[in-house]
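J.: Provided below for reference: sequence and predicted model.
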Amino acid sequence: MARRPGPSLHDVARRAGVSTATVSFVLNDSKPVAAETRQRVEEAISALNYRRSLSARALRTGRHHAVGLLLPDLINPFFPALAQAVTQAAWQRGHALILASAGIDHEAESEALAAMAERADGIIWIPGSTRIATRPNLPMVVLDRPDASLAAYDSISADHRAGGAAAAALLRRLGRRRVGLLAGPAQSPSATSRQEGFLESWAPQTPLWIREAPFTLDLPRQAVKALADPALDAVFAASDVMAIGALRTLHELGRRIPEDVMLIGYDDIPWAALVEPQLTTIRQPVAALGECAVATLEARIAAPDSPAVHHILPISLIERASTIMSGGTARARHR
C-alpha cells in the first residue's frame, strides 16, 4: 500500500490563510513577518504536523540544517540518554542529527570531528580526551566536560562539583566516617569536578581511600581490593555504572547495603532504580542539558564571533534504599 504523503507547504499556507512565500519566510526566518501572521503559520504547522524538508532547505540556504553529536561512549546508559535528549531538541528546532562515538582516542576524535564538519553546521562535542590533534573551523559546543583547556568553546554541564558535595553532605549527615571514593578516569573533567566537590565538602576529614576506575561495571583489581576493607562504611562512585559494579562486589563480599556500607552513585541512569537495593544517586538534568546544548549551538552559529558562554545546570540528590535504613522513604533534593 502506497504511503500517504504528508502535508505540503501549500497545505500550511491554505490553513493559515497566507501565501506559500510567507510560510517559507517563517520556516527559514529569512524575512520579517508580522507577529500575528507568524503565529497563525506556526499554529498551522503544529496542527498539520508539518515537517520541513531539510534537503530542500539546504539547497535554498546553503546550510546543512544538521548538527553533529560526538560522544565518548555508547555503552554507559547515560550517554544514549543524553544523545536522545539532544536528538529531540535538534528535531524540534528543525535540525537533523549526525551521531558518532570515538572513545578516548584523540586521533579518532579528530577524524570524527573532521567528518562531521563536512555535513553539519555545528557540533556538540562530549570529549573523551582534551588532547585533540585537529579541531574543525566550525561552531562547536562542549557538553558535560567543564575543563579549563576548553574554555574557548561554549559549554554546558551539570554542576558536578555541587553533586560531589551533596554526596559528601549526605554521608556525613548519616553518620558515616570511613568512606571510599571510586573516582572516574583521570582524563575526565566531569569526574574530577565530582571528586573535588566531594573532598571540599568532606574536609577536614579525608576518605579512607580513593581509587581511579573507568566508567564500567567491571572494576579494576585495585578497586575491588579496596572495597574489601572491613573498615569501609560508605562508598561514593563517580557514576552509577561504577556504583552498580561496587554493589555487585560488596554483595559477593557479604557486606549488607546500607547497614554495613552505604552506596551513592552519579547520573541516575534507569538501572539505578532497578538494582537491589535501589541506588541513591546524583541526577543530572538530561533533558535540560540536551535542550541547552542545541540552543547554545544555534546561537553560536548565528553569532560566531561572540564571547564564549558557559552554562552550569543544577543537579538533584535522589535518596533511595542504598543509603536509607529500614523505615525510611526515598526522596529527591534539588541543588
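T.: Received the coordinates, thanks.
J.: can you tell me the helix or strand for Val275?
T.: Here Val275 is covered by no helix or strand, with elements defined by DSSP states H and E.
J.: what about it, neighbour count?
T.: By other CB atoms under 10 Å, the residues close to Val275 number 19. All C-beta spots, glycine's among them, are computed from the backbone N, C-alpha and C.
J.: cool, and Glu291?
T.: For Glu291, the neighbour count with other CB under 10 Å is 19.
J.: How about Ala158?
T.: Neighbours around Ala158, by other CB under 10 Å: 27.
J.: and it, what are its phi and psi?
T.: Per-residue torsions, Ala158: phi -70, psi 160 (degrees, to the nearest 10).
J.: Report the contact partners of the closest residue to it other than its chain neighbours.
T.: Closest residue in space to Ala158, ignoring its immediate chain neighbours: Gln284 at 4.5 Å, by CB to CB, 6 or more residues apart in numbering. When contacts are counted by CB atoms under 8 Å, 6 or more residues apart in numbering, Gln284 touches 78, 144, 158, 163, 266-268, 315.
J.: And the strands in the stretch 1-150 of the chain, which stretches?
T.: Along the stretch 1-150 of the chain, the segments classed as strands by DSSP state E, counting those that start in this stretch run 66-71, 96-101, 122-125, 140-143.
J.: This structure - how does it break down into domains?
T.: For the chain, the structural domains run 66-158+285-313, 160-284+317-334, going by automatic domain parsing.
J.: Can you flag the weakest of these by average pLDDT?
T.: With a mean of 86, domain 66-158+285-313 has the lowest mean pLDDT of these.
J.: re earlier: looking at the contacts of Gln284, state which has the most neighbours.
T.: Counting neighbours by other CB under 10 Å, Tyr266 comes out on top of the contacts of Gln284 with 33 neighbours.
J.: Tell me which residues touch it, please.
T.: Tyr266 makes contacts with 163, 167, 194, 237-240, 243, 281-282, 284, as judged by CB under 8 Å, 6+ apart.
J.: Include secondary structure and distance to Arg211 when you put those residues into TSV, please.
T.: Output for the contacts of Tyr266, formatted as TSV (DSSP: H, G, I helix; E, B strand; the rest coil; distance: CB to CB, whole Å):
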residue	secondary structure	distance to Arg211
Gly163	helix	19
Ala167	helix	16
Arg194	helix	14
Ala237	strand	10
Ala238	coil	10
Ser239	coil	13
Asp240	helix	17
Ala243	helix	13
Thr281	strand	19
Ile282	strand	19
Gln284	coil	23
